[in-house]
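[1] here is my input; please provide its structure:
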Amino acid sequence: MSNINYRSVRPLIDSAAPHLFIETYGCQMNVNDSEVVLSILQKAGFTLCQKPEDAALVLINTCAIRDNAEQRILGRLEYYRQQKKRNPHLLVGVLGCMAERLKDKLLENPVVDLVAGPDAYRDLPRLVGILGASGEKQINTLLSHEETYGDISPVRMDPNGVSAFISIMRGCNNVCSYCVVPYTRGAERSRDPESILREARELFEAGYREVVLLGQNVDSYSYGETGFARLLAKVAEISPLLRVRFSTSHPKDMKDEVLLTMAAYPNICKHIHLPVQSGSNAMLEKMRRRHTREWYLERVARIREIMPDCSITTDVIAGFCGETEADFEDTLDLFRQVKFDAAFMFQYSERPGTLAARHYPDDVPPEVKTERLERIIALQNKLSAESNRRDVGRCFEVLAESFSKRSQNDLMGRTSQNKACVFPAAGHHIGEYVTVLVKDSTPATLLCEVVE
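    Predicted structure coming up:
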């Protein structure tokens, strides 16, 4: 049993089940982490609520990958400053990467009562108990070389119950010069494959029809004799009705064995997110990406040789330290060669404590960063539109995930290639596999009709 003093935590709510509200920002890993936190705190007696106004405890799970992500969190804390004026008993905690990066500095904010890093979630019942009993602010930002939360079954917060994230590893050893993740999530460690398979089976038996295997670099997964290709196969073998996706891959570690495994199993989705970050070898070396432009293009060629129908998406940074116009043109040229189906595109944001912040001046003017980002967005919009137009007239099996945002008469699902399809519900339901014919497209969506 937990030692939480519930009356101190929130006397205005039923002391037998104090209410918890969780806000999640950032990547898919953070979504999964919030589900782990919910599992831990439910066992400690908390009940999830849907509005922060109803909560005894608000936890904000944060991202630190870019400055604007942190600024958004700081703005959100201002909102909770007003909430605390209305409810002085409200407790506010900051979790995740921003908590790990800023540590005690966050506690200087009068709104913040608790700070917990990504490896400290098991300690939350104790931290909240002390906070509730004494009113003293609490912090735990110790990183671990062993913690994977592999024995915890996350409590899923997706109301549709179709797709779920499974963390297969934590941390990162790559230490790209621009990236704060190794400092906020610690060293890389892989999770016991049997615990991953148990979680995947539980999800399938509960009605889920898709799992997404998560890691900062899934291709480097290794536990005993099990590498990532073997893990993929084992998860796919749970049932042909269970779709398997994964994210994120690293070009330096993307092996043919993984590609051949993907090709061998129809239920392993034919989509690879392969961040390139830059098309310039000079920038890639400065970024410490440990792959070259030539290596990346060879991996893309191999993917398309083994799986011609595989979609490829990427991440790219515009305006990294010292990037010249020629360097940026190399990136545009690589985009034209690869013809990515989609991309996440950002301008460089210096992160304190990283190798780049310590060794390279952030010397590309903000207006140049913005102009380059706009150019690459325009190019990718064109490439995405072309990619989707090529699918017009084709049939796909999609997994219906939700109702369309525009109409409750339409469903939204994704192809194996991770392309969003909108089609008439017409008696079909969320969680069902539906065969559709693409009739038209936009740069972001395939517009379809159902094939009976």
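
[2] okay, CA-based contacts and neighbour counts for the rest of this
    OK.

[3] any idea how far Cys395 is from Val422?
    Computed as C-alpha to C-alpha, to the nearest Å, the Cys395 to Val422 distance reads 13 Å.

[4] check Tyr178 too.
    Distance from Tyr178 to Val422, by C-alpha to C-alpha: 37 Å.

[5] next one: Glu323
    As judged by C-alpha to C-alpha, Glu323 and Val422 stand 40 Å apart.

[6] between these two, who's got more neighbours?
    Val422 (27 against 19; other C-alpha atoms under 10 Å).

[7] just the strands from the stretch 301-450 of the chain, written as ranges.
    Listed in chain order, the strands of the stretch 301-450 of the chain (DSSP state E, counting those that start in this stretch) span 311-318, 342-347, 395-403, 410-414, 420-424, 433-441, 445-450.

[8] just put these in JSON lines and tack on mean pLDDT.
    Putting those into JSON lines (pLDDT from 0 to 100) gives the following:
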{"stretch": "strand 311-318", "mean pLDDT": "98"}
{"stretch": "strand 342-347", "mean pLDDT": "98"}
{"stretch": "strand 395-403", "mean pLDDT": "97"}
{"stretch": "strand 410-414", "mean pLDDT": "97"}
{"stretch": "strand 420-424", "mean pLDDT": "98"}
{"stretch": "strand 433-441", "mean pLDDT": "98"}
{"stretch": "strand 445-450", "mean pLDDT": "98"}
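
[9] now distance to Leu297 too, for these, in CSV please.
    Output for the strands of the stretch 301-450 of the chain, formatted as CSV (distance: least, C-alpha to C-alpha, whole Å):
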stretch, distance to Leu297
strand 311-318, 12
strand 342-347, 16
strand 395-403, 28
strand 410-414, 26
strand 420-424, 26
strand 433-441, 28
strand 445-450, 27
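
[10] pull the helix or strand with minimum mean pLDDT from the chain.
    Least confident helix or strand of the chain, by mean pLDDT, DSSP states H and E, is helix 6-9 with a mean of 42.

[11] would you tell me what the next helix or strand after it is?
    strand 19-24 (DSSP states H and E).

[12] mind listing what that next one pairs with, with the direction of each?
    strand 47-48 (parallel), strand 57-62 (parallel) (DSSP bridges).

[13] go ahead and name everything in contact with it.
    Residues from elsewhere that reach strand 19-24 (C-alpha atoms under 8 Å, 6 or more residues apart in numbering): 13, 30-31, 34, 46-52, 54-62.

[14] go again with 6 Å.
    The contact list for strand 19-24 (C-alpha atoms under 6 Å, 6 or more residues apart in numbering) reads 46-49, 52, 55-61.

[15] what does stretch 441-452 give?
    Applying C-alpha under 6 Å, 6+ apart, the contact partners of stretch 441-452 are 384-385, 388, 420-423, 435-440.

[16] same deal with stretch 159-172?
    Stretch 159-172 has contacts (C-alpha under 6 Å, 6+ apart) with 32, 182, 185-191, 208-215, 431.

[17] quick check: pLDDT value at Pro159.
    Per-residue pLDDT puts Pro159 at 83.

[18] the one 10 residues further on too?
    Turning to Met169, the model gives it a pLDDT of 98.

[19] now do it against Ala385, distance only.
    From Met169 across to Ala385, the span is 34 Å (C-alpha to C-alpha).
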